[in-house]
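Student: coords please:
(one chain, ligands or ions: 1)
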Amino acid sequence: MARFVLIGSGLAGGLLAAYLGRRGYEVDLYERRADPREGNIVGGRSINLAISTRGIHALEQIGIADEALRHAIPMRGRMIHDKSGALHFAPYDVDPKKCINSIGRAALNATVIEAAQRYSNVRVHFNHKCTRVDIDSALAHLQTTNRAVTAQGDAVLGVDGAFSAVRQSMQREIASFRYDESHLAHGYKELTIPPGAAGSWRMEKNTLHIWPRKSFMMIALPNPDGSFTCTLFWEFEGPRSFATTKTDDDVRRFFEEEFPDAVPLMPTLLEDFRNNPTGSLVTIRCAPWFYRDKVCLVGDAAHAVVPFYGQGMNAAFEDCVVLDECLEEFPENPARAFAEYFRRRKENTDALADLAIGNFIEMRDKTASKMFRAKKKLDHALEAALPGLYLPLYTMVTFTRIPYGTAAKRARVQDSLVYGSLFAFAVISLGMMFWFLLR
Ligand SMILES: Cc1cc2nc3c(=O)[nH]c(=O)nc-3n(C[C@H](O)[C@H](O)[C@H](O)COP(=O)(O)OP(=O)(O)OC[C@H]3O[C@@H](n4cnc5c(N)ncnc54)[C@H](O)[C@@H]3O)c2cc1C
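Tutor: You can find the predicted model right below:
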């Protein structure tokens, strides 16, 4: 059986190792960090994430969905907080059972690694940082705390996130490799709303909270211990931005002006703001994701997207399912399996990258407007009236496994039909009104 060297035991790396282990491959998984189960929480990244249909499907296929979702908290819609403190709830779907789930990154990471380690043919090596890969020979160079080592595979799979060392080796070695990296002008910072008395939630538990403020926003997702993790998405530079908000007074003033109902719930706001890192938001597109039968990229290493559709990890998990299917279809021909996996995924993850940027504008600006809420109601009414025929874009992306590219195209057609019909109806109504008046 072939031997795969996997670089990166983040969310997708652990899951992919489990899939490959189940197929009987020899798998060596190398991770630069220490074992996350020893309390080494991944610093500077989202503490919790939203998992939905695609991600859950990938966990189900390997039999760990129940285990992974044990402590997940369903979120049934968006709770919009306006500046006056008024709340507006907008359900995600016409079917109240359809929800996204807030899940802890560290616990999910531990679950996928444990799932992989149940296969005796999977070995996990922590504290091994990949420095480069010889792509012609599938040889990974790694650095431990005190020595340099190598790992020889039949193929090296880069599951090492947005700043992938495996991808950088491909960039260096493959002349035709295409690479595009674009950063948003916004960064993010995580803040906390601690639990109330006896571990209770101090805001509505089963929703994703949003404080949309046009050019920026804050969101909050619930955690099982009664706390919420808030994320402020804000401009790096500008008159009011991370760059200009330096002192405790600046921070307090900004929050009291913009998020007055959240401030009393955030006793550690000033320390959190001072101590927590400001992360950047990157979209990465590259091609090809593979090199012969020797190297292949999976997850953020191939296609990092900004987090506003809550789909980065879901898409990375979907990659694992598709790569597993391709290896099943072409068991004797990994080069063909990698090529087919790339063909099936590339167009869809490109579409997701665009959708994710579009959803930032929707979340931070449009969710506050009456027009947006009316459009969501119309979407849900059409979905109920035309079951199976009309599916809102958010529903297709979040609650189905329709490929992202197909979902985006179908939504464009639906929108032009619906808005075209509404426009035609308005024109005819006006015409008839004038005709009656002038008769
Ligand atoms: C603020 C924020 C919020 C998000 N929210 C959501 C959400 O709600 N829903 C969602 O689906 N997605 C969300 N995402 C996206 C999600 O975090 C990523 O898409 C997901 O983590 C990708 O998984 P991955 O395994 O490909 O990469 P990662 O999770 O980044 O894992 C990569 C692993 O590789 C290791 N590694 C890196 N370099 C090396 C090296 N040289 N050698 C060895 N190991 C290495 C890293 O230590 C890490 O363990 C969010 C992202 C951010 C930033």
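
Student: C-alpha from now on. contacts and neighbour counts both.
Tutor: Fine.

Student: tell me the buried residues in the helix or strand containing E190?
Tutor: Here E190 is covered by strand 178-193, with elements defined by DSSP states H and E. Within strand 178-193, the residues that qualify as buried are H186, G187, Y188, K189, E190, L191, T192, I193, counting by 16 or more other Cα atoms under 10 Å.

Student: so which of those residues comes closest to the ligand?
Tutor: Nearest to the ligand, judged by Cα to the nearest ligand atom, of these is Y188 at 6.7 Å.

Student: so what's that closest one up against?
Tutor: Each residue near Y188 by Cα atoms under 8 Å, 6 or more residues apart in numbering is listed here: T231, L232, F233, W234, T278, G279, S280, L281.

Student: could you save these as TSV and add columns showing pLDDT?
Tutor: Shown next, in TSV, are the contacts of Y188 (pLDDT from 0 to 100):
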residue	pLDDT
T231	97
L232	98
F233	97
W234	98
T278	97
G279	96
S280	96
L281	97
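
Student: show me which of the residues you listed are buried.
Tutor: T231, L232, F233, W234, T278, G279, L281.

Student: and the fourth one, what is it in contact with?
Tutor: Read that as W234. H186, G187, Y188, S215, F216, M217, S241, F242.

Student: one more pass at 7 Å, please.
Tutor: H186, G187, Y188, F216, M217, S241, F242 (Cα atoms under 7 Å, 6 or more residues apart in numbering).

Student: that one: what secondary structure?
Tutor: What DSSP: H, G, I helix; E, B strand; the rest coil gives for W234 is strand.

Student: how about the strands in the stretch 51-200 of the chain?
Tutor: Assigned by DSSP state E, counting those that start in this stretch, the stretch 51-200 of the chain shows strands spanning 73-75, 77-81, 87-91, 100-104, 122-125, 129-134, 139-143, 148-152, 155-158, 178-193.

Student: closest one to the ligand among the ones you listed?
Tutor: In terms of Cα to the nearest ligand atom, the element of the strands of the stretch 51-200 of the chain nearest to the ligand is strand 129-134, at 3.7 Å.

Student: so which elements touch the closest one?
Tutor: Contact here means 3 or more Cα pairs under 7 Å, 6 or more residues apart in numbering; DSSP states H and E; on that basis strand 129-134 packs against strand 139-143, helix 165-173.

Student: that strand: partners in the sheet, and parallel or antiparallel?
Tutor: Sheet pairing of strand 129-134 (DSSP bridges) gives strand 139-143 (antiparallel).

Student: the partner strand and the ligand, are they touching?
Tutor: No: against the ligand, strand 139-143 shows no contacts by Cα under 6 Å from any ligand atom, the least distance being 7.3 Å.

Student: buried ones in that strand?
Tutor: Residues of strand 139-143 classed as buried: L139, A140, H141, L142, Q143 (neighbour count, 16+ other Cα under 10 Å).

Student: how far away from the center of its chain is that strand?
Tutor: 28 Å (Cα atoms, centre = their mean, to the nearest Å).

Student: what does stretch 149-159 give?
Tutor: The answer for stretch 149-159 is 26 Å, by Cα atoms, centre = their mean.

Student: ends of it, how far apart?
Tutor: Taking Cα to Cα, to the nearest Å, the first and last residues of stretch 149-159 lie 19 Å apart.

Student: ok, and what's touching it?
Tutor: Contacts of stretch 149-159 (Cα under 7 Å, 6+ apart): 2-8, 12-13, 138-143, 164, 166, 293-299, 301.

Student: what's the PyMOL syntax to select whichever of those are buried?
Tutor: Selection of buried members from these for PyMOL, criterion 16+ other Cα under 10 Å:
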select buried, resi 3+4+5+6+7+8+12+13+138+139+140+141+142+143+164+166+293+294+295+296+297+298+299+301
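
Student: check H380 and give its pLDDT.
Tutor: Per-residue pLDDT puts H380 at 89.

Student: again with the one 10 residues further on
Tutor: The model reports Y390 with a pLDDT of 92.

Student: what's the closest non-adjacent residue to it?
Tutor: Spatial nearest neighbour of Y390, chain neighbours left out: E383 (5.2 Å); criterion: Cα to Cα, 6 or more residues apart in numbering.

Student: for V322, what are its contacts?
Tutor: Y341.

Student: check whether the strand or helix carrying it contacts the ligand.
Tutor: Assigning secondary structure by DSSP H and E places V322 in helix 312-329. Yes: interface with the ligand: helix 312-329 contributes G312, M313, N314, A316 (Cα under 6 Å from any ligand atom).

Student: low-scoring stretches of the stretch 301-439 of the chain, by residue?
Tutor: Counting by pLDDT under 70, the stretch 301-439 of the chain contains no low-confidence residues.
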